[in-house]
Structures are given as structure tokens and as C-alpha cells.
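**Student:** take a look and give me a structure for this.
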Amino acid sequence: MTYCMSNATASPTPHAFASRVTTSHRGIWSPSGAPRGRAPHRLLRAVSSSDVVKVASEAPAVRSVLGTMTFGWKFASAEVGRETSRQLLQTFLDAGHSEVDTALAYSGGETEKIMGDIFRTHPELLQRRMSIATKANPWPGGKMTSSAGQGGLAPADLRAQVEASCASLAPGKVDLLYLHAPDGATPIGDTLAELKRLHDEGKFVKLGLSNFPAWEVVLIHRKCAEIGLVAPSVYQGMYNCVTRACEPELIPALNALNMRFLVYNPLAGGLLTGKHALNTRESEEGRGRFTGNAMYQDRFWKPEYFAAVDTIRAACEEAGGGLTASAAALRWLYSHSGLDGAKGDGVILGASSAAHLEENLAAAAAAARGELLPAGVLEAIDAACEVCRPAAPPYSRGHSKIVV
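**Tutor:** So this is what the prediction gives:
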């Protein structure tokens, strides 16, 4: 179930959201609640996803972003060394895409170093139209960043992370800098003040947020205006066809602030591919990111998610045409979700091989051509989401230190 603007009164369902409406009757929402440049739509009415997307397919396509978390990562489903990483980057750029996402936390800083090595030895890649995003993280004591130094978003730690990223990435600066998650030990005002200094020094161009609660996203926008810091223009968060905690309040908040939404875990860490079995944490094609990885096990390795995969896979088999569960999950995000291509929303696609990436990009291309999922598959996905709802992880990870 999703929502479109209307003058009729209705009560929202738990996962309903106000953003997935067609461009024919949807404006960009301002913080005051009135869409810019269009007549105001005051209320919501519930409609089916299929009712909405028949018109929404005419809207600009949701974008694809290359996720680099697998570069050098021991939890990838296959070893992704420097050459495989280069192939992934080349495949992505050759397909006509341009946004690349990384983070200092990935592989303890090795991911950024691999990317920098690729850029130095293949300078022609830097001549391509490409935008690079990275993240500064709040995790102190080397957690997730053992070889990259101290984490944390206190001013000195934040600066050290940004300078480390700039040193690793050959361009010397990043186009988009995220705060990877809130730092519960640091007031957000201290972090933003240091970001202002870093931005003034030219260390990054755009600011983004990841894993923050909706209320703090709004607060940060206000604080940025107060100190003259560029406001966050992009949010990166967890979202997939059976994990929709972001829909009730985050997506409407992002629309109100005119922030792009780039989503990670579109396949629930690979679980939605159907290649895993509940009674083992070993993938049929390799270890995958669940073996020995408590974070991903806690996030998705649950009976409800495996039941959801079975439901979606059965519906795909009944629909025929070779549709797989993973393709259906990706196409749901591109064509049937709360993402809005007109606003620049996108899906972060990770991969452990060029063939894997091409498969994911094919699903994105099908959506770009306006190909919609069969009604039976959409119904199965919604049913699977309801099964997962009690076990689904939250979209945010705490909040910054509160200072009264």
C-alpha cells in the first residue's frame, strides 16, 4: 500500500508514506507543507502501488550508484582485490553511470586506498564524469576503522578522518561528505562547526547524512542555516522491499527538505538473492557478508526474512519470464517504492564481480524502460514485508549528544 495526494480523508497504514506519488500530481514539498509551484494537496488517500506507478513510469528514472563496500572487504561473497575493483568501476562507468560511494570505515580504510591506487594508475578514469562520496564515522577506538585511525565526530577526530580520506582518494577532495551515523558522545553543533571549517577549506563540496533519525535531520538543517554551513542535500539510508521503516516519517521529511534519498542494502545484504539458507550462514556461492559478521546477522538473518524470500521467489516463478527474487527486489525499489527519480533519488548497488554488477544494472535498466512488476509479484512483496515488519531493523542508529 502506498499513498498519493488527495483531498479525501484516510487513515495511514503503518508503512504508508506520502512520497510515492506521480509527478503529474506531486510537487516538491517545502518544510511548511505546501508544494513549491503547485496547488497544495492537503490530505492523503491510500492507493495500490500499481495504481501509482502506471503514471510514475513517465517520471525521470531513479539513479544507480556504485557501492564500494566490497572493495577489499573480507565479508564480500568473493575476494574483491584491486583488479576486480577496477573492473567494477569500469563496468559501472561504461554503463553510463557516474556516482560512486565509499567510506573510511570500509575495510578499515583499505577501500579508499584501493580506489586511490586505481585512480593513480588509471588516470583516464578521472577524466570520466564521476562524483565520489565518502563518509566520516562516529565509531571510536578503531571499530570498523582499525587501520584507518580513530573514529568519532568530535572536531579533531572528524578532521583527521576527512584528511585521511582526501589523502587516500587521488582527487584530493570529495564531492559529497556524509556523516556516517550520529555520534552519541558529541554534540551535533560541535561537529557542524568543524564541518563548516572543512567546507571553507575546500575539503568537500556537498554534505550528506546517513542513519540519522528524521527529527535530527530537520534539526541539522536549521543549525546549518544558523552557522552558514551548506545544508545536507543527500540522505543515505537502509531501504528495501521488505525493510520499510523509513517510510512513515523519514521519506516525508526528506521530501520536505528537498533532500535526495540514496538507499543501501537493496537486497538485504544479499539475503533477497535467495542464495542463503537459514540453517547455515554459508552462502552456496561463498561466505557472503553474513559469515562471521554479527552486524549483518543481527540485521537480516532472521526466520521472517527467509520466509519473505520464499514468498517472493514463489511469486516470481509463477509469473514466469525468468524473473528472479533479486531482480524483483531491485525493480521494486526503482519502480514501486518511495524513491523519486525527479528528486535525484537512487539505489546503491554493490557487487563482488563485474557479472554480478551487470545483473543488478540490468534490473535497473528494465525499470528505466518502464517495465513494471506483475501484480502478483507486487502483492507477494507487500505480504512479505508484513511478515518482516516485526523483525525489521530501524532505519536510524541513535542520535547525537543532546545539549540543553
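**Student:** where do the strands of the stretch 301-404 of the chain begin and end?
**Tutor:** Remark: strands assigned in the stretch 301-404 of the chain by DSSP state E, counting those that start in this stretch are 346-349.
**Student:** tell me what the most centrally placed residue in the chain is bridged to.
**Tutor:** Nearest residue to the geometric centre of the chain (CA atoms, centre = their mean): V263, 1.8 Å. Beta-bridge partners for V263, by DSSP bridges, are G237, V347.
**Student:** isn't it right up against W332?
**Tutor:** No - V263 sits out of contact with W332 when judged by CB atoms under 8 Å, with a separation of 11.4 Å. Every C-beta, even on glycine, is put in place using the N, C-alpha and C of the backbone.
**Student:** roughly how far does the closest residue in space to D101 that isn't next to it in sequence sit from L372?
**Tutor:** Nearest non-adjacent residue to D101, counting by CB to CB, 6 or more residues apart in numbering: A133, 4.9 Å away. Per CB to CB, to the nearest Å, A133 is found 30 Å from L372.
**Student:** and those two? which has more neighbours close in?
**Tutor:** Remark: of A133 and L372, A133 carries more neighbours, 24 against 19, as counted by other CB atoms under 10 Å.
**Student:** what about the helices in this structure?
**Tutor:** Taking DSSP state H, the helices of the chain run over residues 49-56, 82-94, 110-121, 155-168, 188-200, 214-227, 250-256, 294-300, 303-319, 325-335, 354-368, 375-388.
**Student:** I'd like those as TSV, with distance to G270 and mean pLDDT appended.
**Tutor:** Below are the helices of the chain laid out as TSV (distance: least, CB to CB, whole Å; pLDDT from 0 to 100):
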stretch	distance to G270	mean pLDDT
helix 49-56	24	48
helix 82-94	16	95
helix 110-121	18	93
helix 155-168	26	94
helix 188-200	32	98
helix 214-227	27	98
helix 250-256	24	98
helix 294-300	9	78
helix 303-319	11	95
helix 325-335	8	98
helix 354-368	10	95
helix 375-388	16	98
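**Student:** what's the closest of the ones you listed to Y239?
**Tutor:** Proximity to Y239 (CB to CB) singles out helix 325-335 among those, at 7.1 Å.
**Student:** for that closest one, which helices and strands make contact with it?
**Tutor:** Packing contacts for helix 325-335, counted by 3 or more CB pairs under 8 Å, 6 or more residues apart in numbering; DSSP states H and E, involve helix 303-319, strand 346-349, helix 354-368, helix 375-388.
**Student:** what about that helix, distance to the chain center?
**Tutor:** Relative to the chain's own centre, helix 325-335 is displaced by 14 Å; criterion: CA atoms, centre = their mean, to the nearest Å.
**Student:** swap in stretch 247-255?
**Tutor:** Relative to its parent chain, stretch 247-255 has a centroid offset of 14 Å by CA atoms, centre = their mean.
**Student:** put the alpha carbons of it into PDB.
**Tutor:** In PDB, the C-alpha atoms belonging to stretch 247-255 read as follows (Å, rounded to 0.1, in the frame of the first residue of the first chain):
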ATOM      1  CA  GLU A 247       8.600   5.300   5.100                       C
ATOM      2  CA  PRO A 248       6.400   6.800   7.800                       C
ATOM      3  CA  GLU A 249       8.500   9.800   8.700                       C
ATOM      4  CA  LEU A 250      11.900   9.800   7.100                       C
ATOM      5  CA  ILE A 251      10.800   9.900   3.500                       C
ATOM      6  CA  PRO A 252       8.300  12.700   4.100                       C
ATOM      7  CA  ALA A 253      11.000  14.700   6.000                       C
ATOM      8  CA  LEU A 254      13.500  14.300   3.100                       C
ATOM      9  CA  ASN A 255      10.800  15.400   0.600                       C
END
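**Student:** so who does the residue nearest to D101 touch?
**Tutor:** A133 makes contacts with E99, V100, D101, T102, V174, D175, L176, L177, Y178, G208, V234, as judged by CB atoms under 8 Å, 6 or more residues apart in numbering.
**Student:** follow-up on the earlier one: CSV for the helices and strands packed on helix 325-335, including mean neighbour count and distance to L195?
**Tutor:** Converted to CSV, the helices and strands packed on helix 325-335 look like this (neighbours: other CB atoms under 10 Å; distance: least, CB to CB, whole Å):
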stretch, mean neighbour count, distance to L195
helix 303-319, 19, 36
strand 346-349, 24, 22
helix 354-368, 19, 32
helix 375-388, 20, 36
